[in-house]
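Engineer: Sequence below, structure please.
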Amino acid sequence: MSTPTDLPGDARLEARLEALESRLAHQDDWLETLDRTVIAQQRQIETLERLTALMSAQLRQLRESGSERTQTDSLSPADELPPHY
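Structural biologist: Next up, the predicted model:
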């Protein structure tokens, strides 16, 4: 295969143009791939943020119910674990 510098004027320009168009097509494809990846990652981040908020709320409720229980009720012997646990 000949390189663009081995060809006469118009053919050399045509070869350079084709090479640039090919590079642009590959870059466009790569950009689309990256865009889809970023969109998917953003969705995952949003899902994880919602789950984190939900788990934080549940943990807060458990702590509040546990502190209320220890303040108002003492543990019954049935609720206590045996020493070997």
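Engineer: elements contacting the helix or strand harbouring L34?
Structural biologist: Using DSSP states H and E, L34 sits within helix 9-72. With contacts defined as 3 or more C-beta pairs under 8 Å, 6 or more residues apart in numbering; DSSP states H and E, helix 9-72 has no helix or strand neighbours. Yep, even glycine has a C-beta here, placed from its N, CA and C like the rest.
Engineer: so how far is E32 from H26?
Structural biologist: Distance, H26 to E32, by C-beta to C-beta, to the nearest Å: 11 Å.
Engineer: no wait, Q42
Structural biologist: Using C-beta to C-beta, Q42 is found at 16 Å from E32.
Engineer: Same check on R63?
Structural biologist: Distance check for R63 against E32: by C-beta to C-beta, it reads 47 Å.
Engineer: Then E21?
Structural biologist: According to C-beta to C-beta, E21 stands 17 Å off from E32.
Engineer: With Q44 instead?
Structural biologist: From Q44 over to E32 (counting by C-beta to C-beta), the distance is 19 Å.
Engineer: And for Q61?
Structural biologist: 44 Å.
Engineer: where in the protein is pLDDT low?
Structural biologist: Low-confidence regions of the chain, defined here as pLDDT under 70, cover residues 1-7, 69-79, 85.
Engineer: okay, which residue is most central for it?
Structural biologist: By C-alpha atoms, centre = their mean, the mean C-alpha position of the chain lies nearest to Q41, the distance being 3.0 Å.
Engineer: Is E80 in a helix, a strand, or coil?
Structural biologist: E80 carries the three-state label coil when classified by DSSP: H, G, I helix; E, B strand; the rest coil.
Engineer: Nice, that's everything, thank you.
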